[in-house]
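Trainee: Just need the structure, nothing else, for what follows:
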Amino acid sequence: MEELNLFVKSIFIDNMIFAYFLGMCSYIAVSKNVKTAFGLGIAVTFMLVVTIPLNYMLDKYVLQEGALIWLGDSFKDVDLSFLSLIMFIAVIASATQLVEMAVEKFSPSLYNQLGIFLPLIAVNCAILGGALFMQQKDFGSALTATVYGAGSGIGWLLAIVGIAAIREKIAYSDIPKPLKGLGITFIITGLMGIAFMSFLGIKL
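Mentor: Predicted structure coming up:
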């Protein structure tokens, strides 16, 4: 039950885009087309599902103070937590390379559409933010961390597909010139963020 609550909360209440504004660069740049936005959303979701539990285990069994006790009593006072940030980024960058190679092999058209934003998943704030939030929330197991990653990824996917669908429709609308492009996109993002705030009333 706890995992289900965390899953729903990470999608709707603690949404990476609308609650924390993480990953906004690719969210704005790649949300002009639903198909491309969906592809990037799946890639980000996969990254979160893979890297958050990996970083959880790295943090719990290597980086935290006393985590290396499994190597022997002489390591019980070792504290490598100062390496957390760089180690999390290393794991994310490695996983990004695998995703990039997989997308290039199995979907060359999507690879070409995403362009530079696919390798830039490595520096997507939502991916690193998920790892840092995981560390802050101090989950009890790798399963809980995985559920959190899945929920955060699906929340990001819903956000980018939603804005992409709206942007495709408003392309045919009569929008005032000063608001065309980024202006109306930021306004719609703000309105979507306010809409997602309504989920704060859910009792979990």
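Trainee: where does this structure have low pLDDT?
Mentor: Applying pLDDT under 70 to the chain flags residues 203-204.
Trainee: Break down it into its helices, ranges please.
Mentor: With helices called from DSSP state H, the chain shows them at 2-8, 24-29, 34-58, 84-106, 108-114, 125-137, 142-170, 182-197.
Trainee: Which one, of those, ends up nearest to residue 17?
Mentor: Evaluated over those, closeness to residue 17 peaks at helix 142-170, with 4.0 Å, by Cβ to Cβ. C-betas here are computed from N, CA, C, even on glycine.
Trainee: what's the neighbour count on residue 84?
Mentor: 18 (other Cβ atoms under 10 Å).
Trainee: For it, give me its contacts.
Mentor: Applying Cβ atoms under 8 Å, 6 or more residues apart in numbering to residue 84 gives the contacts 59, 63, 135.
Trainee: Not counting sequence-adjacent ones, nearest residue to the residue nearest the centre of the chain?
Mentor: The residue lying closest to the centre of the chain (Cα atoms, centre = their mean) is residue 126, at 3.7 Å. Sequence neighbours aside, residue 23 is the residue nearest to residue 126 in space, at 3.4 Å (criterion: Cβ to Cβ, 6 or more residues apart in numbering).
Trainee: can you check residue 63 too?
Mentor: Nearest non-adjacent residue to residue 63, counting by Cβ to Cβ, 6+ apart: residue 80, 4.7 Å away.
Trainee: And the one you found, its phi and psi?
Mentor: The phi/psi pair for residue 80 (degrees, to the nearest 10) reads phi -110, psi 20.
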